[in-house]
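Engineer: predicted model and sequence follow; I will ask about them next.
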Amino acid sequence: MQSSTATPQSPASAAGPGGRRLGRRIRVRPAPRGRNRRRELAGLGYATPTAVVVGLLFLAPLVLVCWMSVNHWPLLGSPSVNFPHNYTSVADDSLIGNAAWFTVKYTLVTTVVLFAVALGLALLVQHPRPGVALLRTAFFLPAAVGFATASLLFLGLLSNAIGPVNPLLQDLGLINKPVDWITGSPGGALGSTVTLVTWRFAGFNMLILLTGLQAIPSELYEAARMDGANRLQTLRRITLPLLRPTIALVLIMMITGSLLAFDQFYILTKGGPDNSTTSVVMIIVRDAFVRFDLGAAAALSVVVLGILVLLNVLQLSLLRRREER
Amino acid sequence: MIRSRPRAVRRVLGAVLATFALTVSAACSSGGGSHTAGSGGSGSGSGGAAKGVTITLWTRAATQSQTQALVDAYNSSHANHVVITSYPNDQYPAKIASAAGARSLPDIFTSDVVFAPNYAAQGLWTDVSSRFASLSFKDKVAPSFIKAATNGGKLFAVPHDLDLSVMYYNKTLYKQAGLDPTKPPTTLAEYAAQARAVAKLGGKVHGTYEGGNCGGCIEFTTWPSIWADGGQVMNADGTTSSIDSPQATAVYQIYRSLFADGTMAPGAKQEDGTTWLSALQAGEIGIAPGPSSWLNLIEQKGVDIGVAPIPGVNGGTSTFVGGDVAGISATSKNADAAWDFLSWCLDDQAQVQVVAKLHEIIARTDLAQNQYAVKDPNVVTINQVLAKGQTPYALNFNATYNDPQSPWTTTLRGAFFGPSLAGALSSGQTAITASLKQQG
């Protein structure tokens, strides 16, 4: 953005007061027309692949899903407009209320636990010490495992029939009889899923927080230490305030990811026991691929998208307001 | 120098782009050519089957073995070649739906018979009414399957393989428990009494087992008891549930008491169908209902197993006539060749020399007393209950009964493990009816 003030400007862009002042200070000879054209073409060339990818993989599906949401859309055959039936059918779905409440509950629990663990790990490996590189690698390693694979791994580990967790805990004397962690109770199913997500994503979020931590100048810590600040005061007065942009990014990713949770429930709990871990995205998939009601699935997707956009706008505006202060 | 470099780069870039464009166009044209050649061989005329055509077929893992046997026999005796692709059971409906949306269905796809009404109504299969009417044995093909695959008076699929629900009892455990292995239960009360007798053996042995977290498993194994007592689970159109009936209450009262007193293995509460078979193969369950197609799989593990019909509370027997139908997808360009395979699967030779030889259930009522069936008393029992069985019909079957989020799954868990059987059946009937009436 800053470089644009040093580059030749078009008469229109330099017409404002700032532009006039700039024009007096720096006399820039207009570039030859051919060179300008080449630059424009080069810029276009650089932007085109991204624009094509965004257009094909984001904008086109987005427009399509919006169009589907106002149509009766059969698996085969021609769609027909039925607005607002698909949107009203979302409200009629008996599963959606429980699924929405569970998704919010899961988002709150996961975000708090995952953030606390990720920040704790980041603070643990913040300063270079012997063995820290090994710890960083070890903490990040689960991020290299695919999420579906990780879910299957936990399904096996926690299984009553073949998993090693129950025998291990029995040997240690922590449980008397095998516990059905995944489908035994709603609390157990939620706990198993949060554990899986924390194991899989804590290292990745730790890495992002670590980059934020390392961007804080060490002089500030030294000054705080000279002023007699203890560790807690340093964390509250220096680390957390300066880490705010990174924390905001991590929280946005965590909240968005949790609200769109699907894989872990589809593989690990199948939404059970008794629909207690059925997320909103599972309802979308059920509408589309079990009920074959693609229009209703699209309508619910649009509603979820709207909520996500609203949440992200709120989060970002809150962050900006604080930064401006 | 500065100006000449971009020019050179542009030339190289242009050459690369041109090469890429040529490669892509060549690849596209060759793909189109091969496609044309492939479909051209099918012959779109109505007379006779095409020769030397590759026919793609999708099926689900549960019934793959029988389909594979039919495909192998067909491929070895025909110029056409059927290529089979199998998908995990729970992912199969989603695979069909996404392929239909992308118009990339195979030439033939099979379906659980209870999902067939929905596929037929969605128009995913080609109308085969006239082709089927030309078969000499058209009146001898499993009638409940024909009904399930009929929509608006048109037939869209034909029976492919049958799977009945039966009662399996472990003869070794029966002897150890002092029971007569030649006398399986004739009422549901006897079933419970025999299960409790076996459970007394203790250790790892349990009296009975069920798929208590699996809508499909429970409907398959408990609805026959309701039918045997003269009850129904829903109306003939599949739009109104009648699960809150005296017959259903009596049936589920017996099952929930078996779980409550520990006769039923505790794993039954979480059983979603994935380890159901292995529980019976382990030889530690006294008596339990299951699919007839598992007979060989249980016997192969060395379990001395007996087969009996599923009884009602007051006697009588029935069975859930499940299995798969197969239809030609609406987007297939090889309809003639596909029908050649499907009609061959139903003829005498394939039904007896392939299906019956494997001790599987045949789809033709006129061939029940074939040379292989009469040799095995267990198969004779299975064939006998076939005539008393039912195949439930509902357009919205999967979402209502089989899906893990279905109202039936909630109902059955309440009926088996919940605090109130009456409450579970009453609220379940309302929720199931509401779901059945949603036609998408």
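Structural biologist: In hand now; what should we look at?

Engineer: next, the closest residue to chain B within the stretch 201-325 of chain A: phi, psi?
Structural biologist: Residue nearest to chain B within the stretch 201-325 of chain A (CB to the nearest CB): residue A:289, separated by 3.8 Å. Backbone N, C-alpha and C define where each C-beta goes, glycine included. Per-residue torsions, residue A:289: phi -110, psi -10 (degrees, to the nearest 10).

Engineer: with residue B:324 instead?
Structural biologist: For residue B:324, the backbone dihedrals are phi -120, psi 150 (criterion: degrees, to the nearest 10).

Engineer: residue B:162 and residue B:389 touch, don't they?
Structural biologist: No - contact criterion CB atoms under 8 Å: residue B:162 and residue B:389 do not qualify, at 9.4 Å.

Engineer: where exactly do the strands run in chain B?
Structural biologist: With DSSP state E as the criterion, chain B has strands at B:54-60, B:81-87, B:108-112, B:150-151, B:154-155, B:158-170, B:287-291, B:305-308, B:310-311, B:317-318, B:321-328.

Engineer: would you turn those into CSV with distance to chain A?
Structural biologist: Below are the strands of chain B laid out as CSV (distance: least, CB to the nearest CB, whole Å):
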stretch, distance to chain A
strand B:54-60, 14
strand B:81-87, 13
strand B:108-112, 12
strand B:150-151, 14
strand B:154-155, 15
strand B:158-170, 19
strand B:287-291, 17
strand B:305-308, 21
strand B:310-311, 26
strand B:317-318, 28
strand B:321-328, 13
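
Engineer: dump those to TSV, plus distance to residue B:262, mean neighbour count and mean pLDDT.
Structural biologist: Below are the strands of chain B laid out as TSV (distance: least, CB to CB, whole Å; neighbours: other CB atoms under 10 Å in any protein chain shown; pLDDT from 0 to 100):
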stretch	distance to residue B:262	mean neighbour count	mean pLDDT
strand B:54-60	34	22	96
strand B:81-87	37	17	95
strand B:108-112	33	27	95
strand B:150-151	46	18	91
strand B:154-155	49	18	96
strand B:158-170	18	26	94
strand B:287-291	15	25	96
strand B:305-308	23	20	94
strand B:310-311	23	26	96
strand B:317-318	27	22	94
strand B:321-328	30	27	95
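
Engineer: contact partners for the closest residue to chain B within the stretch 101-250 of chain A?
Structural biologist: Using CB to the nearest CB, the single residue of the stretch 101-250 of chain A nearest to chain B is residue A:183, 4.4 Å away. The contact partners of residue A:183, taken as CB atoms under 8 Å, 6 or more residues apart in numbering or on different chains, are A:189, A:269, A:272, A:273, B:213, B:270, B:272.

Engineer: and what of residue B:375?
Structural biologist: Residue B:375 neighbours (CB under 8 Å, 6+ apart): none.

Engineer: give me the distance between it and chain A.
Structural biologist: Computed as CB to the nearest CB, to the nearest Å, the residue B:375 to chain A distance reads 36 Å.

Engineer: go on, residue B:243?
Structural biologist: Distance of residue B:243 to chain A, computed by CB to the nearest CB: 17 Å.

Engineer: number of residues surrounding that residue?
Structural biologist: Neighbourhood size, residue B:243 [other CB atoms under 10 Å in any protein chain shown]: 28.

Engineer: who's in contact with it?
Structural biologist: Neighbour list for residue B:243: B:233, B:234, B:411, B:425, B:428, B:429, B:432 [criterion: CB under 8 Å, 6+ apart].

Engineer: now for these: which two are most distant?
Structural biologist: B:234 and B:425 (13.1 Å; CB to CB).

Engineer: that older thread, identify the contacts common to residue B:162 and residue B:389.
Structural biologist: residue B:321.

Engineer: SS state for the residue of the stretch 101-250 of chain A closest to chain B?
Structural biologist: Under DSSP: H, G, I helix; E, B strand; the rest coil, residue A:183 falls in the coil class.

Engineer: excluding chain neighbours, what is closest to it?
Structural biologist: Leaving aside its chain neighbours, residue A:183 sits nearest to residue B:270 (4.4 Å; criterion: CB to CB, 6 or more residues apart in numbering or on different chains).

Engineer: that neighbour against residue B:210, yeah?
Structural biologist: No - proximity of residue B:270 to residue B:210 does not meet the contact threshold set by CB under 8 Å, at 11.1 Å.
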